[in-house]
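Asks: okay, sequence plus prediction incoming.
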Amino acid sequence: MSVRVRFAPSPTGHLHVGGARTAIFNWLFARHHHGTFVIRVEDTDQARSTRESEAMVLDDLRWLGLDWEEGPDIGGPHAPYRQSERFERYRTVAGELLERGRAYRCFCTEEDLDRKRSEAEAQSRPPHYDLTCFHLSAEEARARAGKEPFVVRFHVPREGEGSFSGDVTIDDLIRGEITWRGESLGDFIILRSDGMPTYNFSVVADDHDMEITHVIRAEEHLTNTHRQVLLYRALDWPIPAFAHVSLILGQDRSKLSKRHGATSVAAYADEGFLPEAMVNYLTLLGWSAPDGREIFSIDDAVASFSLSRVNPAPAVFDPQKLAWMNGQYIHSASASSLRVRLAGRFRAAGWIRGETASLDAWLDDAIDLVKKGAQTLDELTDALRFFFDHDVSRLIGDEENRQVLESPSSGEIIEKLREDLELHGEPESSEAYQEMVERLKTATGQKGKNLFMPIRIVLMGAAHGPELHRAVPLMTRGSRISELAPVVSPLERARRCLEQALR
RNA sequence: GGCGCAUUCGUCUAGGGGUCCAGGACGCCGCCCUCUCACGGCGGUAACACGGGUUCGAAUCCCGUAUGCGCUACCA
């Protein structure tokens, strides 16, 4: 039998990293087994669910690089894939359960239930439903159903009730054997008074109808499995395999949520994280490759993925390691591929004014110049800002910079630098830059840090940054490309500094 | 409270009775490279929750305790 798995998000906002990892594990499992990946939208909570959220979640999944064979956007043999469009089916299944005597109408009001619950708690009895309506005769139930609101409850088989048992044992693919006793469960609602199904019920109906073979989901659903298996049994439906993936925790070891900072994958996309890095990191949160490698492509993960290597313990989300990993991907990416991903940011910054091959070539060189210093696309963009933005007053506003510039030799070095640039022209190559440095060495008698720091600060605008012999020629070349926003040329920088900072 | 799950360096993890005085990665610290910052290289710091068993031998198996988390809803 071919593998069929599903990811079932509730459309209540962007996809969060926890959901993303569950989706990734499902997808990896499906692809590894050449199975089918289904997206089903669980929007029975109509107060919180929106179509906009559904579109966002689907976009987030696509951004991660996941694809699916069946889903609300593309349909499929088991359409519809939105629970809100499957109400008829749930009513039919509930009717089947009613007919089989495995479920019953319950007319107790919420007030009744609240009262019963607190009474039970006061007497330290389990707060289970007291079966009042279970004991109603079929005739009475039918009669009241016409004029009173009711819910449909599933009856959890009690000891000695025929051949049925409320005990359930599953063999979780990640955690092994897990057993629940029937006594720990009360009769639970499957259809609300407004006719809407509850989660545990719709999930079972859908997973069965959609022929899901493996239910891979978050650990928070683990104890729900007890109810769900009971439902499968009452309906004589085959029970799928289960795999419960542990929760992702924040730094304080509580379940990851908004107050832990960025938790939606969209937020990471905005900051300039690459989907490949995101998938790689999330895959590693709970799973490890058999060969121990930590940086791997999604195809490698597909090839070696197995649920038996998924760790059952919860994992703390570590933004630092994610950032490191994203950096690894950026550092090994080609400049041209990064340029494509950065295009939107460059345009937003107003740096790109036209289109020409020389512009692309310049951008690629610029990207290569700074990419090792960046861990995100945002940082990479920031690292390029110095080309276009040369603010002398901000430059001398920095204490470290001012100290260097105020040293006795600096004035002379900058003066000679300007003279050299005027006389020999601005360096367009690394070699030309080196020659310029040699001339400045002889002219000023300075070398090492004493020589380079003033040059660096005046030309680059900061004491730290990329290599001068690459950056300065690029600056020169950039200042001559009209399709690019104005790059401040080396000579202009030297002049401005002399005028505004050094007397 | 009841039920369930989990517990190896700060974090992610490897390990599934002897090869483990526990290996890798992130972080942190130091050194090297170097005009600076990064990158990279090298080295260091740091863990089997606790208590009982089982066994010649336990991080690995069993029981208990502690702690954390989840469920116990007409949320999913």
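Replies: It's in.
Asks: how about the contacts made by the residue of the stretch 1-150 of chain A found nearest RNA strand B?
Replies: Proximity of the stretch 1-150 of chain A to RNA strand B (CB to the nearest atom of the strand) peaks at A:Glu42, 3.0 Å away. Bear in mind the C-beta positions are built from the backbone N, C-alpha and C, glycine included. Neighbouring residues of A:Glu42 by CB atoms under 8 Å, 6 or more residues apart in numbering: A:8-10, A:83, A:199, A:202-203.
Asks: and with 7 Å instead?
Replies: Contact analysis of A:Glu42 by CB atoms under 7 Å, 6 or more residues apart in numbering lists A:8-10, A:83.
Asks: go on, A:Ala30?
Replies: For A:Ala30, the contacting residues are A:3, A:5, A:36-37, by CB under 7 Å, 6+ apart.
Asks: just those: which are in strands?
Replies: A:5, A:36-37 (DSSP state E).
Asks: can you get me a residue count around the closest residue to A:Pro9 other than its chain neighbours?
Replies: The spatially closest residue to A:Pro9, leaving aside those adjacent along the chain, is A:Val57, at 5.0 Å (CB to CB, 6 or more residues apart in numbering). Each residue near A:Val57 was counted by other CB atoms under 10 Å, and the total is 27.
Asks: and the strand or helix carrying A:Val57, what's buried?
Replies: Using DSSP states H and E, A:Val57 sits within helix A:51-64. Buried residues in helix A:51-64, counting neighbours by 16 or more other CB atoms under 10 Å, are found at A:53-54, A:56-58, A:60-61, A:63-64.
Asks: among these, which one sits closest to A:Ala374?
Replies: Among the buried residues of helix A:51-64, A:Trp63 lies closest to A:Ala374 (CB to CB), at 20.0 Å.
Asks: ok, that closest one to A:His14 distance?
Replies: 10 Å (CB to CB, to the nearest Å).
Asks: find residues that contact each of these two.
Replies: Residues touching both A:Trp63 and A:His14 (CB under 7 Å, 6+ apart) are A:Val265.
Asks: okay but A:Phe154 is in contact with A:Gly186, surely?
Replies: No. Counting by CB atoms under 7 Å, A:Phe154 stays clear of A:Gly186, with 10.0 Å between them.
Asks: when these two are compared, which one has more neighbours?
Replies: A direct count of neighbours by other CB under 10 Å for A:Phe154 and A:Gly186 places A:Phe154 higher, at 24 against 17.
Asks: can you get me a residue count around the nearest residue to A:Leu338 once chain neighbours are set aside?
Replies: In space, and not counting its chain neighbours, A:Leu338 is closest to A:Ile367: 5.2 Å by CB to CB, 6+ apart. Applying other CB under 10 Å, we find 23 residues neighbouring A:Ile367.
Asks: do the same with the one 4 residues further on
Replies: Each residue near A:Lys371 was counted by other CB under 10 Å, and the total is 22.
Asks: can you report phi and psi for it?
Replies: Note on A:Lys371: its backbone torsions stand at phi -60, psi -30 [degrees, to the nearest 10].
Asks: please report how far it lies from A:Gly327.
Replies: Distance, A:Lys371 to A:Gly327, by CB to CB: 9 Å.
Asks: please apply the same query to A:Arg4.
Replies: Using CB to CB, A:Arg4 is found at 37 Å from A:Gly327.
Asks: just the mean pLDDT for the helix holding A:Val57, thanks.
Replies: For helix A:51-64, the mean per-residue pLDDT is 96.
Asks: now do the contacts for the nearest residue to A:Leu285 once chain neighbours are set aside.
Replies: Nearest residue to A:Leu285 in three dimensions, chain neighbours excluded: A:Ala315, at 4.7 Å (CB to CB, 6+ apart). By CB under 7 Å, 6+ apart, the residues touching A:Ala315 are A:246, A:248-249, A:285-286.
Asks: highest neighbour count among those?
Replies: That'd be A:Ile248 among those, by other CB under 10 Å, with 24 neighbours.
Asks: give the contact list for that one.
Replies: Contacts of A:Ile248 (CB under 7 Å, 6+ apart): A:17-18, A:21, A:256, A:285, A:315, A:317.
Asks: give me the beta-bridge partners of it?
Replies: Beta-bridge partners for A:Ile248, by DSSP bridges, are A:Ala315.
Asks: what's the distance between it and RNA strand B?
Replies: Separation of A:Ile248 from RNA strand B (CB to the nearest atom of the strand, to the nearest Å) stands at 9 Å.
Asks: could you look up the SS state of A:Pro149?
Replies: Following DSSP: H, G, I helix; E, B strand; the rest coil, we place A:Pro149 in the coil state.
Asks: which residue is the nearest non-sequential neighbour of it?
Replies: Nearest one to A:Pro149, counting by CB to CB, 6+ apart, is A:Ser193 at 4.5 Å.
Asks: RNA strand B contacts on the stretch 151-300 of chain A?
Replies: For the stretch 151-300 of chain A, the residues in contact with RNA strand B (CB under 7 Å from any atom of the strand) are A:151, A:175-176, A:178-181, A:184, A:186, A:188-189, A:192-194, A:196, A:198-200, A:219-224, A:246-247, A:249, A:253-255, A:284-286, A:288, A:292, A:294.
Asks: can you tell me which of these are buried?
Replies: Neighbour counting over these (16+ other CB under 10 Å) leaves A:151, A:175, A:178, A:180, A:186, A:188-189, A:196, A:198-200, A:219, A:221-222, A:224, A:246-247, A:249, A:284-286 as the buried ones.
Asks: those in strands, which ones?
Replies: Judged by DSSP E, strands contain the following of these: A:151, A:178, A:180, A:188-189, A:249.
Asks: report the central residue of chain A.
Replies: Nearest to the geometric centre of chain A sits A:Val265, at 2.8 Å (CA atoms, centre = their mean).
Asks: looking at it, that one is touching A:Met278, isn't it?
Replies: Yes. Here A:Val265 reaches A:Met278: they are 6.3 Å apart, a contact under CB under 7 Å.
Asks: quickly list what's touching both of the two.
Replies: Contacts common to A:Val265 and A:Met278, judged by CB under 7 Å, 6+ apart, are A:Leu64.
Asks: could you dump whichever helix or strand A:Ile414 is part of to PDB, C-alpha only?
Replies: For A:Ile414, the host element (DSSP H and E) is helix A:408-424. Extracted C-alpha coordinates of helix A:408-424, given in PDB (Å, rounded to 0.1, in the frame of the first residue of the first chain):
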ATOM      1  CA  PRO A 408      49.300  63.100  14.100                       C
ATOM      2  CA  SER A 409      50.100  61.100  11.000                       C
ATOM      3  CA  SER A 410      46.500  60.800   9.700                       C
ATOM      4  CA  GLY A 411      46.100  64.300   8.300                       C
ATOM      5  CA  GLU A 412      49.200  63.800   6.200                       C
ATOM      6  CA  ILE A 413      48.100  60.400   5.000                       C
ATOM      7  CA  ILE A 414      44.700  61.600   3.900                       C
ATOM      8  CA  GLU A 415      46.300  64.600   2.200                       C
ATOM      9  CA  LYS A 416      48.700  62.400   0.300                       C
ATOM     10  CA  LEU A 417      45.900  60.000  -0.500                       C
ATOM     11  CA  ARG A 418      43.900  62.800  -2.100                       C
ATOM     12  CA  GLU A 419      46.900  64.000  -4.100                       C
ATOM     13  CA  ASP A 420      47.700  60.500  -5.300                       C
ATOM     14  CA  LEU A 421      44.100  59.900  -6.400                       C
ATOM     15  CA  GLU A 422      44.100  63.200  -8.300                       C
ATOM     16  CA  LEU A 423      47.500  62.600  -9.900                       C
ATOM     17  CA  HIS A 424      47.300  58.900 -10.700                       C
END
